[in-house]
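K.L.:
Any chance you could fold what I've pasted below:
(chains A, B, C and D)
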There are 2 protein chains.
Amino acid sequence: MPERRPRKDAVRNRAAVLAAADSLFARCESPEAVTMADIAAAAGVGKGTLFRAFGDRTGLIQALYAERLEPVRNAVEAGPPPLGPAAPPLERVPALLDALLCFKLDNRHLALALEETGSGSPYQAEHYERWHSTLQAVLERIPGLTDSAFTAHALLAATRADLVEHLVGHQHMPREQLRAHLAAFTARILQPRAATGAVG
Amino acid sequence: MPERRPRKDAVRNRAAVLAAADSLFARCESPEAVTMADIAAAAGVGKGTLFRAFGDRTGLIQALYAERLEPVRNAVEAGPPPLGPAAPPLERVPALLDALLCFKLDNRHLALALEETGSGSPYQAEHYERWHSTLQAVLERIPGLTDSAFTAHALLAATRADLVEHLVGHQHMPREQLRAHLAAFTARILQPRAATGAVG
DNA sequence: AGTGAACCGGACCCACGGTCCGCATCTTAC
DNA sequence: GTAAGATGCGGACCGTGGGTCCGGTTCACT
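P.N.:
Numbers count the residues shown, from 1 in each chain, chains lettered A, B, ... in the order given. Next up, the predicted model:
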(Lines give C-alpha, C1' and ligand atoms only; values in the text may rest on other atoms or scores of the structure.)
Protein backbone atom coordinates (compact mmCIF):
# COMPACT_ATOMS: atom_id res chain seq x y z
CA MET A 1 0.00 0.00 0.00
CA PRO A 2 1.93 3.02 -1.15
CA GLU A 3 -1.07 5.17 -0.33
CA ARG A 4 -0.80 6.51 3.17
CA ARG A 5 -3.76 8.21 4.67
CA PRO A 6 -2.94 11.84 5.50
CA ARG A 7 -2.84 13.11 9.06
CA LYS A 8 -6.00 14.71 10.25
CA ASP A 9 -4.38 17.98 11.33
CA ALA A 10 -3.08 18.24 7.78
CA VAL A 11 -6.52 18.00 6.22
CA ARG A 12 -7.92 20.40 8.81
CA ASN A 13 -5.20 22.93 8.06
CA ARG A 14 -5.63 22.51 4.35
CA ALA A 15 -9.32 23.29 4.64
CA ALA A 16 -8.59 26.25 6.92
CA VAL A 17 -6.15 27.68 4.39
CA LEU A 18 -8.60 27.32 1.52
CA ALA A 19 -11.34 29.00 3.51
CA ALA A 20 -9.09 31.83 4.63
CA ALA A 21 -7.76 32.42 1.14
CA ASP A 22 -11.23 32.48 -0.35
CA SER A 23 -12.40 34.95 2.24
CA LEU A 24 -9.38 37.22 1.78
CA PHE A 25 -9.59 37.22 -1.99
CA ALA A 26 -13.27 38.03 -1.78
CA ARG A 27 -12.73 40.81 0.72
CA CYS A 28 -9.80 42.58 -0.95
CA GLU A 29 -9.97 44.70 -4.07
CA SER A 30 -6.98 43.36 -5.92
CA PRO A 31 -5.79 39.76 -5.62
CA GLU A 32 -2.22 41.01 -5.57
CA ALA A 33 -2.92 42.74 -2.29
CA VAL A 34 -3.38 39.37 -0.63
CA THR A 35 0.00 37.97 0.35
CA MET A 36 0.82 34.43 1.30
CA ALA A 37 1.68 35.59 4.79
CA ASP A 38 -1.77 37.17 5.07
CA ILE A 39 -3.44 33.92 4.14
CA ALA A 40 -1.33 31.92 6.57
CA ALA A 41 -2.09 34.36 9.37
CA ALA A 42 -5.81 34.39 8.61
CA ALA A 43 -5.86 30.61 8.60
CA GLY A 44 -3.95 30.48 11.85
CA VAL A 45 -1.09 28.43 10.43
CA GLY A 46 2.53 29.05 9.51
CA LYS A 47 3.75 29.86 6.04
CA GLY A 48 5.53 26.56 5.79
CA THR A 49 2.25 24.67 6.18
CA LEU A 50 0.73 26.65 3.40
CA PHE A 51 3.56 26.04 0.95
CA ARG A 52 3.86 22.35 1.81
CA ALA A 53 0.17 21.82 1.19
CA PHE A 54 -0.06 23.69 -2.12
CA GLY A 55 3.44 24.02 -3.48
CA ASP A 56 3.28 27.67 -4.35
CA ARG A 57 0.90 30.57 -4.81
CA THR A 58 -0.36 29.30 -8.13
CA GLY A 59 -1.06 25.89 -6.66
CA LEU A 60 -3.13 27.36 -3.87
CA ILE A 61 -5.22 29.46 -6.20
CA GLN A 62 -5.70 26.60 -8.61
CA ALA A 63 -6.87 24.37 -5.79
CA LEU A 64 -9.42 26.95 -4.73
CA TYR A 65 -10.51 27.52 -8.29
CA ALA A 66 -10.87 23.82 -9.01
CA GLU A 67 -12.96 23.32 -5.91
CA ARG A 68 -15.39 26.04 -6.89
CA LEU A 69 -15.48 24.99 -10.51
CA GLU A 70 -16.29 21.38 -9.79
CA PRO A 71 -20.10 21.63 -9.98
CA VAL A 72 -19.89 23.45 -13.29
CA ARG A 73 -17.44 20.91 -14.55
CA ASN A 74 -19.74 18.07 -13.60
CA ALA A 75 -22.67 19.73 -15.27
CA VAL A 76 -20.64 20.10 -18.44
CA GLU A 77 -19.22 16.60 -18.49
CA ALA A 78 -22.19 14.58 -17.37
CA GLY A 79 -25.14 16.86 -16.77
CA PRO A 80 -28.40 17.32 -18.65
CA PRO A 81 -28.76 19.56 -21.71
CA PRO A 82 -28.19 22.27 -22.65
CA LEU A 83 -24.88 22.08 -20.78
CA GLY A 84 -24.31 18.35 -20.90
CA PRO A 85 -22.92 16.31 -23.80
CA ALA A 86 -26.35 15.34 -25.08
CA ALA A 87 -27.27 18.85 -26.14
CA PRO A 88 -27.16 19.73 -29.84
CA PRO A 89 -24.09 21.83 -30.68
CA LEU A 90 -25.96 24.98 -31.58
CA GLU A 91 -27.50 25.03 -28.13
CA ARG A 92 -24.56 23.72 -26.19
CA VAL A 93 -22.03 26.32 -27.33
CA PRO A 94 -23.93 29.31 -25.94
CA ALA A 95 -24.76 27.29 -22.83
CA LEU A 96 -21.10 26.53 -22.23
CA LEU A 97 -20.05 30.13 -22.65
CA ASP A 98 -22.86 31.40 -20.48
CA ALA A 99 -21.99 28.92 -17.75
CA LEU A 100 -18.37 29.99 -17.87
CA LEU A 101 -19.31 33.65 -17.79
CA CYS A 102 -21.65 33.15 -14.86
CA PHE A 103 -18.97 31.28 -13.00
CA LYS A 104 -16.55 34.12 -13.52
CA LEU A 105 -19.18 36.61 -12.47
CA ASP A 106 -19.79 34.67 -9.28
CA ASN A 107 -16.10 34.21 -8.60
CA ARG A 108 -14.57 37.36 -9.97
CA HIS A 109 -11.87 37.58 -7.37
CA LEU A 110 -10.79 33.99 -7.85
CA ALA A 111 -10.74 34.05 -11.62
CA LEU A 112 -8.83 37.30 -11.54
CA ALA A 113 -6.32 35.92 -9.08
CA LEU A 114 -5.78 32.85 -11.21
CA GLU A 115 -5.29 34.70 -14.47
CA GLU A 116 -2.94 37.19 -12.86
CA THR A 117 -0.84 34.71 -10.96
CA GLY A 118 -0.51 32.11 -13.67
CA SER A 119 3.19 32.81 -14.05
CA GLY A 120 2.63 34.25 -17.46
CA SER A 121 -0.46 33.41 -19.39
CA PRO A 122 -3.65 31.64 -18.41
CA TYR A 123 -3.17 29.51 -21.51
CA GLN A 124 -0.84 27.19 -19.68
CA ALA A 125 -3.37 26.34 -17.00
CA GLU A 126 -4.88 22.90 -17.44
CA HIS A 127 -8.39 24.15 -16.78
CA TYR A 128 -8.17 26.43 -19.81
CA GLU A 129 -7.07 23.48 -21.89
CA ARG A 130 -10.15 21.58 -20.75
CA TRP A 131 -12.55 24.37 -21.62
CA HIS A 132 -10.91 24.86 -24.96
CA SER A 133 -10.93 21.24 -26.02
CA THR A 134 -14.52 20.84 -24.92
CA LEU A 135 -15.66 23.91 -26.78
CA GLN A 136 -13.64 23.05 -29.84
CA ALA A 137 -15.13 19.57 -30.00
CA VAL A 138 -18.62 21.00 -29.96
CA LEU A 139 -17.80 23.64 -32.54
CA GLU A 140 -16.41 20.98 -34.80
CA ARG A 141 -19.84 19.44 -35.09
CA ILE A 142 -21.29 22.65 -36.49
CA PRO A 143 -21.32 22.65 -40.28
CA GLY A 144 -19.67 25.60 -41.96
CA LEU A 145 -17.22 26.28 -39.16
CA THR A 146 -13.75 25.54 -40.40
CA ASP A 147 -11.33 26.85 -37.79
CA SER A 148 -12.89 25.53 -34.62
CA ALA A 149 -9.66 25.71 -32.62
CA PHE A 150 -9.19 29.41 -33.16
CA THR A 151 -12.89 30.13 -32.81
CA ALA A 152 -12.86 28.42 -29.43
CA HIS A 153 -9.92 30.55 -28.34
CA ALA A 154 -11.58 33.73 -29.51
CA LEU A 155 -14.89 32.97 -27.84
CA LEU A 156 -13.18 32.07 -24.59
CA ALA A 157 -11.20 35.29 -24.79
CA ALA A 158 -14.46 37.19 -24.59
CA THR A 159 -15.02 35.76 -21.12
CA ARG A 160 -11.62 36.57 -19.67
CA ALA A 161 -11.61 37.51 -16.04
CA ASP A 162 -10.02 40.90 -16.43
CA LEU A 163 -12.49 41.87 -19.15
CA VAL A 164 -15.37 40.78 -16.95
CA GLU A 165 -13.88 42.72 -14.08
CA HIS A 166 -13.47 45.78 -16.27
CA LEU A 167 -17.04 45.71 -17.52
CA VAL A 168 -18.80 44.74 -14.33
CA GLY A 169 -16.46 45.99 -11.63
CA HIS A 170 -15.32 49.27 -13.14
CA GLN A 171 -18.03 50.19 -15.60
CA HIS A 172 -20.85 48.67 -13.57
CA MET A 173 -22.44 46.85 -16.45
CA PRO A 174 -25.31 44.77 -15.06
CA ARG A 175 -24.78 41.04 -14.99
CA GLU A 176 -27.72 40.25 -17.24
CA GLN A 177 -26.64 42.76 -19.81
CA LEU A 178 -23.20 41.22 -20.05
CA ARG A 179 -24.74 37.79 -20.42
CA ALA A 180 -27.00 39.09 -23.16
CA HIS A 181 -24.10 40.67 -25.00
CA LEU A 182 -22.06 37.51 -24.88
CA ALA A 183 -25.06 35.51 -26.06
CA ALA A 184 -25.59 37.87 -28.98
CA PHE A 185 -21.92 37.75 -29.89
CA THR A 186 -21.94 33.97 -29.77
CA ALA A 187 -25.08 33.83 -31.88
CA ARG A 188 -23.38 35.91 -34.56
CA ILE A 189 -20.56 33.44 -34.68
CA LEU A 190 -22.84 30.44 -34.85
CA GLN A 191 -25.22 31.67 -37.48
CA PRO A 192 -24.84 29.96 -40.87
CA ARG A 193 -22.24 31.59 -43.04
CA ALA A 194 -23.37 33.75 -45.94
CA ALA A 195 -21.74 33.42 -49.33
CA THR A 196 -18.08 34.45 -49.24
CA GLY A 197 -17.29 37.99 -50.28
CA ALA A 198 -20.78 39.26 -49.60
CA VAL A 199 -19.52 42.55 -48.22
CA GLY A 200 -20.86 45.96 -49.10
CA MET B 1 8.63 80.57 -20.20
CA PRO B 2 7.70 77.70 -17.94
CA GLU B 3 9.02 75.27 -20.55
CA ARG B 4 12.62 74.47 -19.89
CA ARG B 5 14.50 72.58 -22.52
CA PRO B 6 15.82 69.30 -21.10
CA ARG B 7 19.48 68.64 -20.69
CA LYS B 8 21.12 66.77 -23.48
CA ASP B 9 22.56 64.02 -21.30
CA ALA B 10 19.03 63.38 -20.11
CA VAL B 11 17.70 62.87 -23.62
CA ARG B 12 20.72 60.77 -24.54
CA ASN B 13 20.23 58.55 -21.51
CA ARG B 14 16.52 58.27 -22.15
CA ALA B 15 17.17 57.05 -25.67
CA ALA B 16 19.84 54.65 -24.45
CA VAL B 17 17.45 53.17 -21.92
CA LEU B 18 14.71 52.69 -24.50
CA ALA B 19 17.11 51.01 -26.90
CA ALA B 20 18.54 48.75 -24.21
CA ALA B 21 15.11 47.78 -22.94
CA ASP B 22 13.88 46.97 -26.42
CA SER B 23 16.89 44.83 -27.10
CA LEU B 24 16.63 42.98 -23.82
CA PHE B 25 12.92 42.30 -24.15
CA ALA B 26 13.47 41.01 -27.65
CA ARG B 27 16.36 38.79 -26.61
CA CYS B 28 14.80 37.22 -23.52
CA GLU B 29 12.10 34.60 -23.48
CA SER B 30 9.87 36.00 -20.79
CA PRO B 31 9.51 39.72 -20.14
CA GLU B 32 9.58 39.02 -16.42
CA ALA B 33 13.12 37.80 -16.77
CA VAL B 34 14.25 41.31 -17.66
CA THR B 35 14.79 43.30 -14.49
CA MET B 36 15.10 47.03 -14.17
CA ALA B 37 18.68 46.60 -13.02
CA ASP B 38 19.41 44.63 -16.19
CA ILE B 39 18.06 47.41 -18.34
CA ALA B 40 20.01 50.06 -16.46
CA ALA B 41 23.21 48.06 -16.77
CA ALA B 42 22.68 47.39 -20.47
CA ALA B 43 22.05 51.08 -21.06
CA GLY B 44 25.14 52.01 -19.08
CA VAL B 45 23.22 54.15 -16.59
CA GLY B 46 22.22 53.86 -12.96
CA LYS B 47 18.86 52.66 -11.76
CA GLY B 48 17.98 56.11 -10.47
CA THR B 49 18.24 57.55 -13.97
CA LEU B 50 15.90 54.95 -15.30
CA PHE B 51 13.25 55.51 -12.67
CA ARG B 52 13.46 59.28 -12.89
CA ALA B 53 12.99 59.21 -16.63
CA PHE B 54 10.04 56.81 -16.71
CA GLY B 55 8.53 56.74 -13.27
CA ASP B 56 8.28 53.00 -12.93
CA ARG B 57 8.44 49.78 -14.86
CA THR B 58 5.04 50.27 -16.42
CA GLY B 59 5.98 53.75 -17.58
CA LEU B 60 9.09 52.51 -19.30
CA ILE B 61 7.26 49.75 -21.12
CA GLN B 62 4.45 52.08 -22.12
CA ALA B 63 6.94 54.57 -23.53
CA LEU B 64 8.55 51.86 -25.62
CA TYR B 65 5.20 50.54 -26.73
CA ALA B 66 3.91 53.97 -27.69
CA GLU B 67 7.04 54.67 -29.71
CA ARG B 68 6.67 51.48 -31.72
CA LEU B 69 2.95 51.89 -32.14
CA GLU B 70 3.14 55.40 -33.48
CA PRO B 71 3.26 54.56 -37.20
CA VAL B 72 0.28 52.27 -36.86
CA ARG B 73 -1.54 54.90 -34.89
CA ASN B 74 -0.87 57.47 -37.57
CA ALA B 75 -2.06 55.14 -40.28
CA VAL B 76 -5.26 54.55 -38.36
CA GLU B 77 -5.96 58.16 -37.53
CA ALA B 78 -4.97 59.86 -40.74
CA GLY B 79 -3.81 57.28 -43.25
CA PRO B 80 -5.37 56.03 -46.46
CA PRO B 81 -8.02 53.29 -46.59
CA PRO B 82 -8.55 50.58 -45.63
CA LEU B 83 -6.96 51.58 -42.31
CA GLY B 84 -7.70 55.28 -42.36
CA PRO B 85 -10.96 56.99 -41.47
CA ALA B 86 -12.14 57.21 -45.06
CA ALA B 87 -12.58 53.48 -45.44
CA PRO B 88 -16.09 52.01 -45.34
CA PRO B 89 -16.80 50.31 -42.03
CA LEU B 90 -17.08 46.80 -43.40
CA GLU B 91 -13.56 47.08 -44.75
CA ARG B 92 -12.07 49.12 -41.97
CA VAL B 93 -12.96 46.81 -39.11
CA PRO B 94 -10.99 43.83 -40.45
CA ALA B 95 -8.18 46.18 -41.45
CA LEU B 96 -7.95 47.59 -37.95
CA LEU B 97 -7.89 44.16 -36.34
CA ASP B 98 -5.36 42.85 -38.82
CA ALA B 99 -3.12 45.84 -38.24
CA LEU B 100 -3.31 45.35 -34.51
CA LEU B 101 -2.59 41.66 -34.83
CA CYS B 102 0.37 42.26 -37.10
CA PHE B 103 1.73 44.81 -34.68
CA LYS B 104 1.49 42.32 -31.85
CA LEU B 105 3.11 39.66 -34.00
CA ASP B 106 5.97 41.99 -34.80
CA ASN B 107 6.32 43.12 -31.21
CA ARG B 108 5.35 40.06 -29.26
CA HIS B 109 7.82 40.70 -26.48
CA LEU B 110 6.68 44.27 -26.00
CA ALA B 111 2.97 43.57 -26.08
CA LEU B 112 3.45 40.71 -23.68
CA ALA B 113 5.49 42.83 -21.33
CA LEU B 114 2.87 45.55 -21.36
CA GLU B 115 -0.06 43.27 -20.69
CA GLU B 116 1.78 41.46 -17.95
CA THR B 117 3.11 44.50 -16.18
CA GLY B 118 0.05 46.67 -16.39
CA SER B 119 -0.54 46.47 -12.65
CA GLY B 120 -3.65 44.44 -13.12
CA SER B 121 -5.48 44.49 -16.38
CA PRO B 122 -4.57 45.89 -19.78
CA TYR B 123 -7.99 47.52 -19.77
CA GLN B 124 -6.72 50.44 -17.77
CA ALA B 125 -4.02 51.33 -20.28
CA GLU B 126 -4.89 54.38 -22.34
CA HIS B 127 -3.81 52.73 -25.58
CA TYR B 128 -6.46 50.06 -25.11
CA GLU B 129 -9.04 52.75 -24.58
CA ARG B 130 -8.01 54.32 -27.88
CA TRP B 131 -8.27 51.09 -29.84
CA HIS B 132 -11.59 50.33 -28.28
CA SER B 133 -13.20 53.67 -28.93
CA THR B 134 -11.94 53.70 -32.50
CA LEU B 135 -13.22 50.22 -33.20
CA GLN B 136 -16.50 50.88 -31.48
CA ALA B 137 -17.09 54.01 -33.52
CA VAL B 138 -16.60 52.09 -36.73
CA LEU B 139 -18.78 49.21 -35.60
CA GLU B 140 -21.53 51.66 -34.76
CA ARG B 141 -21.82 52.55 -38.40
CA ILE B 142 -22.59 48.98 -39.36
CA PRO B 143 -26.32 48.37 -39.57
CA GLY B 144 -27.64 45.45 -37.54
CA LEU B 145 -24.94 45.63 -34.91
CA THR B 146 -26.51 46.69 -31.66
CA ASP B 147 -23.92 46.21 -28.94
CA SER B 148 -20.88 47.78 -30.56
CA ALA B 149 -19.10 48.43 -27.26
CA PHE B 150 -19.09 44.81 -26.20
CA THR B 151 -18.38 43.60 -29.72
CA ALA B 152 -15.32 45.81 -29.82
CA HIS B 153 -14.11 44.38 -26.55
CA ALA B 154 -14.68 40.84 -27.71
CA LEU B 155 -12.92 41.34 -31.02
CA LEU B 156 -9.97 43.01 -29.34
CA ALA B 157 -9.80 40.15 -26.87
CA ALA B 158 -9.09 37.83 -29.78
CA THR B 159 -5.84 39.70 -30.42
CA ARG B 160 -4.52 39.68 -26.87
CA ALA B 161 -0.81 39.35 -26.55
CA ASP B 162 -0.77 36.23 -24.46
CA LEU B 163 -3.13 34.46 -26.84
CA VAL B 164 -0.94 35.45 -29.76
CA GLU B 165 2.09 34.25 -27.87
CA HIS B 166 0.39 30.97 -27.06
CA LEU B 167 -0.63 30.29 -30.63
CA VAL B 168 2.49 31.49 -32.41
CA GLY B 169 5.17 31.06 -29.78
CA HIS B 170 4.12 27.79 -28.19
CA GLN B 171 2.00 26.07 -30.82
CA HIS B 172 3.97 27.45 -33.75
CA MET B 173 0.96 28.51 -35.73
CA PRO B 174 2.21 30.33 -38.85
CA ARG B 175 1.67 34.05 -38.93
CA GLU B 176 -0.47 34.01 -42.05
CA GLN B 177 -2.69 31.31 -40.67
CA LEU B 178 -3.39 33.29 -37.53
CA ARG B 179 -4.19 36.34 -39.63
CA ALA B 180 -6.54 34.28 -41.77
CA HIS B 181 -8.30 32.88 -38.73
CA LEU B 182 -8.80 36.29 -37.23
CA ALA B 183 -10.08 37.59 -40.55
CA ALA B 184 -12.56 34.72 -40.82
CA PHE B 185 -13.72 35.27 -37.27
CA THR B 186 -14.19 38.96 -37.90
CA ALA B 187 -16.08 38.27 -41.10
CA ARG B 188 -18.49 36.04 -39.20
CA ILE B 189 -19.20 38.87 -36.81
CA LEU B 190 -19.67 41.41 -39.56
CA GLN B 191 -21.95 39.42 -41.83
CA PRO B 192 -25.55 40.58 -41.85
CA ARG B 193 -27.60 39.05 -39.08
CA ALA B 194 -30.05 36.27 -39.91
CA ALA B 195 -33.53 36.24 -38.45
CA THR B 196 -33.51 35.90 -34.66
CA GLY B 197 -34.13 32.45 -33.24
CA ALA B 198 -32.98 30.60 -36.32
CA VAL B 199 -31.26 27.88 -34.32
CA GLY B 200 -31.56 24.13 -34.78
C1' DA C 1 34.86 81.17 -15.16
C1' DG C 2 31.29 80.97 -11.89
C1' DT C 3 26.88 79.66 -10.13
C1' DG C 4 22.84 77.11 -9.35
C1' DA C 5 19.87 73.83 -10.98
C1' DA C 6 19.21 69.45 -13.03
C1' DC C 7 20.76 65.05 -13.29
C1' DC C 8 23.61 60.91 -12.32
C1' DG C 9 24.56 56.52 -10.04
C1' DG C 10 24.62 52.90 -7.07
C1' DA C 11 24.11 51.98 -2.16
C1' DC C 12 20.13 51.28 0.33
C1' DC C 13 15.31 49.90 1.80
C1' DC C 14 11.36 47.03 1.96
C1' DA C 15 7.85 43.69 0.63
C1' DC C 16 7.02 39.26 -0.79
C1' DG C 17 7.53 34.48 -2.52
C1' DG C 18 9.71 30.59 -1.11
C1' DT C 19 13.00 27.49 1.99
C1' DC C 20 14.74 25.20 6.19
C1' DC C 21 15.06 22.80 10.34
C1' DG C 22 14.30 22.09 15.30
C1' DC C 23 10.16 20.90 17.63
C1' DA C 24 5.32 19.29 18.26
C1' DT C 25 1.87 16.10 17.03
C1' DC C 26 -0.17 12.24 15.04
C1' DT C 27 -0.04 7.17 13.93
C1' DT C 28 1.28 2.63 14.56
C1' DA C 29 3.01 -1.30 17.00
C1' DC C 30 3.31 -3.62 21.08
C1' DG D 1 -0.68 3.07 27.94
C1' DT D 2 3.48 3.99 25.97
C1' DA D 3 7.45 4.12 23.15
C1' DA D 4 9.27 5.00 18.51
C1' DG D 5 9.14 6.68 14.09
C1' DA D 6 7.01 9.23 10.61
C1' DT D 7 4.65 13.31 9.32
C1' DG D 8 3.54 17.86 9.68
C1' DC D 9 4.12 22.49 11.96
C1' DG D 10 5.73 27.24 12.23
C1' DG D 11 8.21 31.20 11.93
C1' DA D 12 12.99 32.73 11.40
C1' DC D 13 15.55 33.23 7.40
C1' DC D 14 16.99 34.07 2.45
C1' DG D 15 17.14 35.91 -2.38
C1' DT D 16 15.24 38.81 -5.51
C1' DG D 17 13.54 42.71 -7.55
C1' DG D 18 10.98 47.21 -7.66
C1' DG D 19 11.56 51.64 -6.00
C1' DT D 20 14.07 55.58 -3.12
C1' DC D 21 17.78 58.77 -1.61
C1' DC D 22 21.50 61.77 -1.48
C1' DG D 23 26.41 63.18 -2.20
C1' DG D 24 28.80 64.18 -6.21
C1' DT D 25 28.95 65.51 -11.08
C1' DT D 26 27.58 67.72 -15.36
C1' DC D 27 25.12 70.85 -17.82
C1' DA D 28 22.97 75.54 -19.06
C1' DC D 29 23.09 80.25 -18.66
C1' DT D 30 25.54 84.52 -17.81
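K.L.:
Return the residues of chain A in contact with DNA strand C.
P.N.:
Counting by C-beta under 7 Å from any atom of the strand, the residues of chain A close to DNA strand C are A:5, A:7-9, A:33, A:35-37, A:47-48, A:51, A:56-58. (C-beta placed from N, C-alpha, C; glycine too.)
K.L.:
Direction-wise, compare the helix or strand of chain A with the lowest mean pLDDT with helix B:108-117 and give the angle.
P.N.:
Using mean pLDDT, DSSP states H and E, the weakest-scoring helix or strand in chain A turns out to be helix A:108-117, at a mean of 90. Helix A:108-117 and helix B:108-117 are oriented at 140 degrees to each other (axes from the mean of the first three to the mean of the last three C-alpha atoms, to 10 degrees).
K.L.:
do helix A:108-117 and chain B meet?
P.N.:
Yes: judged by C-beta under 8 Å from any C-beta of the partner chain, helix A:108-117 comes into contact with chain B at A:Glu116.
K.L.:
Give me the contact list for that helix.
P.N.:
A:22, A:25-26, A:28, A:31-32, A:34, A:57-58, A:61-62, A:64-65, A:68, A:103-104, A:122, A:125, A:160-162, A:164-165, A:168-169, B:120 (C-beta atoms under 8 Å, 6 or more residues apart in numbering or on different chains).
K.L.:
Check which element follows that helix along the chain.
P.N.:
As assigned by DSSP states H and E, the chain's next helix or strand after helix A:108-117 is helix A:126-140.
K.L.:
who's in contact with stretch A:128-144?
P.N.:
A:73, A:76, A:89-90, A:92-93, A:96-97, A:100, A:122, A:145, A:148-149, A:151-153, A:155-156, A:190, A:192-193.
K.L.:
thinking again about what came up before, now the least confident helix or strand of chain A against helix A:126-140, angle please.
P.N.:
100 degrees.
K.L.:
In PyMOL, select just the buried ones from the contacts of helix A:108-117.
P.N.:
With 16 or more other C-beta atoms under 10 Å in any protein chain shown as the criterion, this PyMOL line picks the buried residues out of these:
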select buried, (chain A and resi 22+25+31+34+57+58+61+62+64+65+68+103+104+122+125+160+161+162+164+165+168) or (chain B and resi 120)
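K.L.:
Assign the spatially closest residue to A:Arg193 that is not a sequence neighbour to helix, strand or coil.
P.N.:
Leaving aside its chain neighbours, A:Arg193 sits nearest to A:Gly144 (4.7 Å; criterion: C-beta to C-beta, 6 or more residues apart in numbering or on different chains). Three-state assignment for A:Gly144 (DSSP: H, G, I helix; E, B strand; the rest coil): coil.
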